[in-house]
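based on what follows, work out the 3D shape:
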Amino acid sequence: MKPIFFFIILIGSILAETAQEKAVQDLRLAQQKLRSLQLEITDEAGDLIKKVETIDDKVLNQNKTLSDLLKAEENVAGEQRQLKNELARRKGEFEYTLSSLRSFGSGMKDRIHPAEKQDFGDKLKKRLELANTAGDNLVAEIERRLFLLHLSADRLQAVSGGQRFDGSAITEGNVIEEGKFAIAGPLGYFASNDNEVLGFTSITTAEGVDYPNLALLKEGGESISELVNSGSSSVPVDASMGKAIQVARVKKSFSDYIQGGGVVGYGILALGLLAILIAIWKVIEISHFPIPNRTKLNYILDDLLSGDSENAHSKAQEFQGLGGKMVAAGVTYFYDKRRILEDALLEKLGMIQPRLERYLPFLALVAAAAPMMGLLGTVLGIMKTFAMMSIGGSGDSKSFSAGISEALITTAMGLIVAIPVIIIHGMLKSLAKSKFGQAEGVALSMLNGTTELEDAAGKKPSREEPEDLDLDEAELI
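As a prediction, the model looks like this:
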């Protein structure tokens, strides 16, 4: 067994040495291959580094190119935005120009003189229709509307130097009269073919009417006829284009206003006249109302205090009117009880106050009734105006305004009457109160004289209760 064991060991040792040698040999081969690969890698790495550097250079160049392109793109975008803004501005200007031309064309027919609607107006109408049919061709529309500017410029040149042409005008009664026009700027003159109708042409016409209204001249129209027919004359100039003549014609006189007020107006004026007559009479009556003289009254009181009643009665008879009767009553009851004297004086004062204030309530009534009567006349006039509108229609604003104006006449008349009457009534009321105050002073003087009489007798008053001693102003009123 041992020889076999040793043999096996020997064979194993031999095999181990052989394997070790082979391993060493393989290691060497591997090291040689590694060195060879390292050399190859070193050679290839140099080439790769060169290629990478080349690529890096290309990338840098591409980045620079990209940056330049981006900047160029931004510049192009900025220019594009500027172009868009410029295009928007140009578009706005174009639209504004087109809108202005359209407005000019549509408004030109309303700016020309009414008489020119029969000449220049026809040409303008045709050109407007041609421009409106351009459709979506804006260039053609602009060109056609610019032609309107040239046409209007030619018209201004013609009008500024004056022009004459045949046409028709509306005269009084809405009658259309044929004749000739002479236009110089806004001024227009018309003469009929028979030279019977002469006047200024109005600068306005009713809606849908192609003929101007005339402010006719009844006198002095020969110069207009000469101007229209020959083209040269010295003519009157109406800066209001005929409106001043129309205003002068519709201006009413005082008698026209009175007639316009109708029955109600006559009633208001009658009340006003009656109130003025009463006011004049009351001024005279109150101013001349006799009030006893205080100096003479003192003489009478002296006679009464001295007991000379006959002389006092004689002097009292010199006073006239209700004031004199009041003094006479005071003299008669001077020696009676104080209450009796007060009643006598109050009775006479009660007659004086109504006399001073009579007919004054009538003035207050007139001041209150006149505006109401004026309002009644206005309501009746408006009712009449609406009744006429229901028959003739409401399209004529001038007739409606004239009817309302005439209806308001009675209101104005009522106020014209009421305001002075109110002032006069207040003045007369104050004058009557002042005159009555003077009468009260006379009565108080008579009543106070009894106090002196009792003091002269050396005794206290015993003819009445203490509460009846004084006659104050409230009792007298």
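
going by C-alpha atoms from here, please, whenever you check contacts or count neighbours.
Noted.

can I get the particular helix or strand that has Asp166 in it in PDB, CA atoms only?
Using DSSP states H and E, Asp166 sits within strand 163-171. Output of strand 163-171 as PDB, limited to C-alpha atoms (Å, rounded to 0.1, in the frame of the first residue of the first chain):
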ATOM      1  CA  GLN A 163     -73.200 131.800 -57.600                       C
ATOM      2  CA  ARG A 164     -76.600 131.900 -59.100                       C
ATOM      3  CA  PHE A 165     -78.800 129.100 -60.300                       C
ATOM      4  CA  ASP A 166     -82.500 128.200 -60.900                       C
ATOM      5  CA  GLY A 167     -84.500 126.500 -58.300                       C
ATOM      6  CA  SER A 168     -87.700 126.500 -56.100                       C
ATOM      7  CA  ALA A 169     -88.500 127.900 -52.700                       C
ATOM      8  CA  ILE A 170     -91.300 127.600 -50.200                       C
ATOM      9  CA  THR A 171     -93.200 130.800 -49.500                       C
END
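
which residues outside it are in contact with it?
Residues outside strand 163-171 that contact it (CA atoms under 8 Å, 6 or more residues apart in numbering): 115, 118-119, 176-184, 190, 211-216, 228, 231.

next, count neighbours for Arg294.
When counting by other CA atoms under 10 Å, one arrives at 13 neighbours for Arg294.

so what's it up against?
Val442.

from Ala328, how far out is it?
14 Å (CA to CA, to the nearest Å).

now do Ile55
150 Å.

likewise Ala169?
87 Å.

give me the more crowded residue out of these two.
Ranked by neighbour count (other CA under 10 Å), Ala169 and Ala328 place Ala169 first, with 25 against 22.

what's the spacing between the more buried one and Ala344?
87 Å.

then Ser106?
In terms of CA to CA, Ser106 sits 93 Å off from Ala344.

likewise Leu214?
Leu214 is 81 Å from Ala344, where distance means CA to CA.

which one of these two is surrounded by more residues?
Leu214 (25 against 21).

pairing partners for that one in the sheet, please.
Note on Leu214: beta-bridge partners by DSSP bridges are Thr201.

hang on, it packs against Ser192?
No: at 11.2 Å, Leu214 does not count as touching Ser192 under the criterion of CA atoms under 8 Å.

after the strand holding Asp166 comes which helix or strand?
Following strand 163-171 toward the C-terminus (DSSP H and E): strand 175-184.

show me what that following strand packs onto, helices and strands only.
Under the contact criterion of 3 or more CA pairs under 8 Å, 6 or more residues apart in numbering; DSSP states H and E, strand 175-184 touches helix 138-160, strand 163-171, strand 187-192, helix 222-230.

export those to JSON lines and tack on distance to Glu440 and mean pLDDT?
Converted to JSON lines, the helices and strands packed on strand 175-184 look like this (distance: least, CA to CA, whole Å; pLDDT from 0 to 100):
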{"stretch": "helix 138-160", "distance to Glu440": "84", "mean pLDDT": "76"}
{"stretch": "strand 163-171", "distance to Glu440": "74", "mean pLDDT": "77"}
{"stretch": "strand 187-192", "distance to Glu440": "76", "mean pLDDT": "79"}
{"stretch": "helix 222-230", "distance to Glu440": "78", "mean pLDDT": "77"}
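
quick one: secondary structure of Glu196?
What DSSP: H, G, I helix; E, B strand; the rest coil gives for Glu196 is coil.

can you show me the helices along the stretch 301-450 of the chain?
Here the stretch 301-450 of the chain has its helices, by DSSP state H, counting those that start in this stretch, at 309-316, 321-332, 338-357, 360-392, 397-407, 409-457.

now do the third one, average pLDDT.
Summarised as a single mean, pLDDT over helix 338-357 is 82.

what residues of that helix count as buried?
338-342, 344-346, 348-349, 352-353, 355-357 (16 or more other CA atoms under 10 Å).

any idea of the angle that helix forms with helix 321-332?
Orientation check (axes from the mean of the first three to the mean of the last three CA atoms, to 10 degrees): helix 338-357 against helix 321-332 gives 180 degrees.

the shortest one now?
Here helix 309-316 runs at 170 degrees with respect to helix 321-332, directions being taken by the same axes, to 10 degrees.

now do the buried residues in helix 309-316.
Buried residues in helix 309-316 (16+ other CA under 10 Å): 309, 312-313, 315-316.
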